[in-house]
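S.K.: build the 3D model from these lines:
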Amino acid sequence: MEHIESFPIVDSHYTREYSKKKFLDSNLSISKMHRLYLEWVENNPSVIDSRVLNVTFRQYSDIFNNEYNYAFFKPKKDMCDICEQYRLSTPEQKNNLQIEYDEHISNKILARERKNADKKRAENDSKFCIAVFDLEKVLQTP
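M.R.: Numbering: from 1, shown residues only. A predicted model of the protein is given here:
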């Protein structure tokens with residue numbers, strides 16, 4: 001199933017540092033990939049070994065699930081506009097966005113570090129209170 005490597009890998013925005021799993025776009029599914037595989041086999045008969053011409057969905061699914069460390073990306077949290085724009089950019093566009101993206105990631109890390117420091121301080125200092133809100137979930141879209 002070399003063709004699996006031809007599908008773009010999607011970084012898990014929030015869990016990539018904890019996981020070795022590779023994620024495929026959520027628009028894909030095993031059944032869609034199997035259909036694409038069968039179309040590819042049909043269009044490239046000279047390249048394919050005769051043993052794989054009639055791979056059933058069950059065989060394809062078993063190989064996908066047991067021999068590859070892939071999953072379909074379903075974000076646990078929303079991805080911000082800057083990260084999403086960078087992720088979907090061409091290499092040339094990424095070069096143009098690199099400074100803004102690096103600054104954004106730096107700010108994200110700094111904000112997380114400050115939030116964690118404030119949470120620790122609140123645990124140890126009864127006169128210090130911290131409240132954290134995720135306003136992205138409540139912003140209205142026109």
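S.K.: what comes up buried for stretch 89-109?
M.R.: With burial defined by 16 or more other CB atoms under 10 Å, the residues of stretch 89-109 counted as buried are 101, 104. Any C-beta I mention is one placed from the backbone N, CA and C, and that applies to glycine too.
S.K.: now the helices for this structure?
M.R.: For the chain, the helices defined by DSSP state H cover 30-43, 57-67, 81-88, 91-124.
S.K.: can you redo those helices as TSV with distance to V132?
M.R.: What follows is the helices of the chain, written out as TSV (distance: least, CB to CB, whole Å):
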stretch	distance to V132
helix 30-43	38
helix 57-67	38
helix 81-88	20
helix 91-124	6
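S.K.: what's the end-to-end length of stretch 72-79?
M.R.: End-to-end distance of stretch 72-79 (CA to CA, to the nearest Å): 16 Å.
S.K.: tell me which residue of the protein is furthest from the middle?
M.R.: K127 (40.5 Å; CA atoms, centre = their mean).
S.K.: mind checking how far that one is from D118?
M.R.: 13 Å (CB to CB, to the nearest Å).
S.K.: out of the helices of the chain, nearest to I9?
M.R.: Nearest to I9 among these is helix 81-88 (10.8 Å), distances taken as CB to CB.
S.K.: so the closest one versus helix 91-124, what angle?
M.R.: 140 degrees (axes from the mean of the first three to the mean of the last three CA atoms, to 10 degrees).
S.K.: next, the buried residues of helix 81-88.
M.R.: Neighbour counts over helix 81-88 (16+ other CB under 10 Å) mark 82-83, 86 as buried.
S.K.: quick check: of the residues you listed, which lies closest to S61?
M.R.: Closest approach between the buried residues of helix 81-88 and S61, by CB to CB: C83, at 31.3 Å.
S.K.: ok, the closest one touching H104?
M.R.: Yes - judged on CB atoms under 8 Å, C83 makes contact with H104 at a distance of 7.3 Å.
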